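Peer 1: need a 3D model of the sequence below.
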Amino acid sequence: MTTTGSNTRLESWRRVQPWVSLAVRLGLAATFLIAAIPKLTDLQRSREAVAAYDLFPPAIDQLIGVSLPIVELVLALLVLSGLLTRYAAGVLGVMLVAFIAGIISAWARGLMIKCGCFGPGGALGPDEVAEYGLEILRDIGFLALAVFVVIWPCSRFSLDNVLDLNPAPRNARRQLEDQDH
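Peer 2: Here you go, the predicted structure:
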């Protein structure tokens with residue numbers, strides 16, 4: 001591999017990375033908007049879904065059941081707008097690790113529940129089957145999106161760029177601005 005070939009690939013990546021980051025950012029935001037809205041519209045079911053994991057005392061289940069969709073919504077809106085992008089994606093990543101741990105815990109303890117990630121959770125019906133493996137793989141995929149955004153937060157159409165809050169070095173921001181003109 002020559003240095004010139006390496007430089008060409010690096011320059012190509014620098015050109016497309018803001019667009020790739022935009023797509024990943026929008027996908028991550030959409031995921032958490034889709035997850036938050038059903039929970040916000042039925043907070044009782046959200047609290048029941050958290051309680052089904054049997055991890056916390058009832059008062060903590062209630063607090064998590066109410067606050068989780070609000071936090072998901074706020075973080076999704078931050079990522080969507082590109083405001084404090086790296087930090088919001090980092091918090092979403094930590095939340096995804098906690099979700100994965102919760103699903104693994106439920107699976108290991110033999111609980112038969114729906115995760116409640118994108119709608120009603122709680123005990124499975126008699127004809128339903130737990131899909132813990134698929135839920136874990138799905139959340140690992142979402143975690144990969146969050147990690148990508150943490151590593152490459154500079155993207156097109158972000159408030160971080162407008163407000164000069166981007167964590168990228170100045171020369172990377174300048175290059176992004178030059179591409180806009």
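Peer 1: I figured residue 114 hits residue 49, correct?
Peer 2: Yes: counting by C-beta atoms under 8 Å, residue 49 is a contact partner of residue 114 at 7.3 Å. Glycine gets a C-beta too; all of them are placed from N, C-alpha and C.
Peer 1: quick one: residues contacting the closest residue to residue 71 other than its chain neighbours.
Peer 2: Spatial nearest neighbour of residue 71, excluding adjacent residues (C-beta to C-beta, 6 or more residues apart in numbering): residue 95 at 7.7 Å. By C-beta atoms under 8 Å, 6 or more residues apart in numbering, the contact set of residue 95 is 71, 72, 75.
Peer 1: let me know the pLDDT of residue 95.
Peer 2: Note for residue 95: predicted pLDDT of 97.
Peer 1: that older thread, so what sits against both of residue 114 and residue 49?
Peer 2: The overlap between the contact sets of residue 114 and residue 49 (C-beta under 8 Å, 6+ apart) consists of 120, 121, 122.
Peer 1: rewinding a little: name the element the residue nearest to residue 71 belongs to?
Peer 2: Taking DSSP states H and E as the criterion, residue 95 maps to helix 85-108.
Peer 1: flag every buried residue along that helix.
Peer 2: For helix 85-108, the neighbour count (16 or more other C-beta atoms under 10 Å) marks 85-93, 95-96, 99-100, 102-103, 106-107 as buried.
Peer 1: could you check the angle the helix ranked longest in the chain makes with helix 85-108?
Peer 2: In the chain, assigned by DSSP state H, the helix with the most residues is helix 3-41. Helix 3-41 runs at 60 degrees relative to helix 85-108, counting by axes from the mean of the first three to the mean of the last three C-alpha atoms, to 10 degrees.
Peer 1: which residues outside whatever helix or strand comes next after helix 3-41 are in contact with it?
Peer 2: Using DSSP H and E, the helix or strand that follows helix 3-41 in sequence is helix 43-52. Contacts with helix 43-52, where a contact means C-beta under 8 Å, 6+ apart, come from 39-40, 56, 58, 61-62, 64-66, 68-69, 106, 111, 113-116, 120-123.
Peer 1: what stretches of this structure score poorly on pLDDT?
Peer 2: Residue ranges of the chain with pLDDT under 70: 1-5, 167-181.
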